[in-house]
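Engineer: coords below, sequence missing:
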Ligand SMILES: C=CC1=C(C)c2cc3[nH]c(cc4nc(cc5[nH]c(cc1n2)c(C)c5CCC(=O)O)C(CCC(=O)O)=C4C)c(C)c3C=C
Ligand SMILES: [Fe+2]
Ligand SMILES: [Fe+2]
């Protein structure tokens, strides 16, 4: 018969549980953070596996599979794993043998876990998963249900909604739920691009970086990851949400329009992407406007990664300097900064409303 003293007990039928009733953990709320994912290593096959999963996602590249898959498998995946592998090697966390995105996501998870446990004790379980690669969304949903999470709050760590990021992370979460015998109740967190605490964390990171400089940059470039322009015309609100973040940041800093610029980076393939392109705009500012001193931040990324550490701080910096620019400062992402953890914890709290006494 059911042992009332046992820690592990049937939560739904404590009185009538038969002896062979499967053990059920005390009910908890799972908070599952999600980021994009990253290769397991920088060698050809690790890179190919990661890029294949990522670039085969129809939310990321939406061409018909008949056209796209032969091109991807035969052309792109025979070259890009080498070039991207070399780029990852230049930023790899060799001590932990993992990418910076993974290291930082672990730090963020640990900080949010501490914060949530302070507030809710053992009533919550905090973990993270990746959309592509490891740890997979499916494995973490399974772990959470096995640990008694009868409710799961799924939080894609992207401030701005994009089909290619938030929506595909949610799709993968819902696919994982499809496999659960006892499916938990689920919520997904909304984008937080206009959340005052997020804007404040961004502003503080800029103020802190500027306070350390002898000479204030003439322009702050807010460089967002790009998407094809066509996605905007087809209804993706990403572009508008990025523009709004820049406006709110400008207002919070008390600046005018001449001091801050919105640009988009990481163009992939032959289509037109959102403009202006960061790499061209920094060169244009140096060449045509004689700008010598700029700072660049990346508000669309919750954690530093290949796109910021390598693309911004190496490629884009080079483009500015080759065009005559003199001082280039990259302002790191919010990562596990206290103000960022405070902002993310506030977003989580709001989304837990009605699920847990606050
Ligand atoms: C092919 C199209 C791509 C779209 C559309 C896209 C949108 C998009 N991506 C991010 C955030 C990240 N992207 C990262 C890496 C990365 N992105 C693409 C392609 C598209 N992204 C590729 C091919 C890669 C891999 C690296 C490379 O080979 O160039 C990362 C970093 C991952 C890491 O391990 O460091 C992030 C984060 C956003 C926010 C976004 C649309 C809004
Ligand atoms: Fe990307
Ligand atoms: Fe817009």
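Structural biologist: Sure thing, it's come through. The structure displayed is predicted, hence computed values, not measured ones. Ligands and ions are numbered 1, 2, ... in the order given.

Engineer: is stretch 261-281 positioned near ligand 1?
Structural biologist: Yes - Stretch 261-281 is in contact with ligand 1 by Cβ under 6 Å from any ligand atom, via 266, 268. C-beta here means a position set from N, CA and C on the backbone, and glycine is covered the same way.

Engineer: skipping adjacent residues, who's closest to residue 122 in space?
Structural biologist: Sequence neighbours aside, residue 28 is the residue nearest to residue 122 in space, at 7.0 Å (criterion: Cβ to Cβ, 6 or more residues apart in numbering).

Engineer: quick one: the strands in the stretch 51-200 of the chain?
Structural biologist: Taking DSSP state E, counting those that start in this stretch as the criterion, the stretch 51-200 of the chain contains strands spanning 124-132, 149-156, 185-188.

Engineer: which one, of these, ends up nearest to ligand 3?
Structural biologist: Nearest of the strands of the stretch 51-200 of the chain to ligand 3, taken as Cβ to the ion: strand 149-156 at 20.5 Å.

Engineer: distance from the chain centre to the closest one, please.
Structural biologist: Relative to its chain's centre, strand 149-156 lies at 17 Å (Cα atoms, centre = their mean, to the nearest Å).

Engineer: how is the chain divided into domains?
Structural biologist: For the chain, automatic domain parsing gives the domain ranges 39-89, 196-330.

Engineer: output those as TSV; include the columns distance to residue 95.
Structural biologist: Listed next are the domains of the chain as TSV, based on distance: least, Cβ to Cβ, whole Å:
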stretch	distance to residue 95
domain 39-89	14
domain 196-330	16
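
Engineer: comparing these, which stretch has the densest surroundings?
Structural biologist: Most buried of these by mean neighbour count (mean count of other Cβ atoms under 10 Å) is domain 196-330; its value is a mean of 18.

Engineer: mind checking how far the residue in the chain that ligand 3 sits nearest to is from ligand 1?
Structural biologist: Ligand 3 sits closest to residue 240 of the chain, with a gap of 3.4 Å, by Cβ to the ion. Distance, residue 240 to ligand 1, using Cβ to the nearest ligand atom, to the nearest Å: 12 Å.

Engineer: any idea which element that residue lies in?
Structural biologist: Using DSSP states H and E, residue 240 maps to helix 238-253.

Engineer: just how off-centre is that helix within its chain?
Structural biologist: Using Cα atoms, centre = their mean, the mean C-alpha position of helix 238-253 is found 18 Å from that of the whole chain.

Engineer: one more: stretch 242-254?
Structural biologist: The answer for stretch 242-254 is 20 Å, by Cα atoms, centre = their mean.
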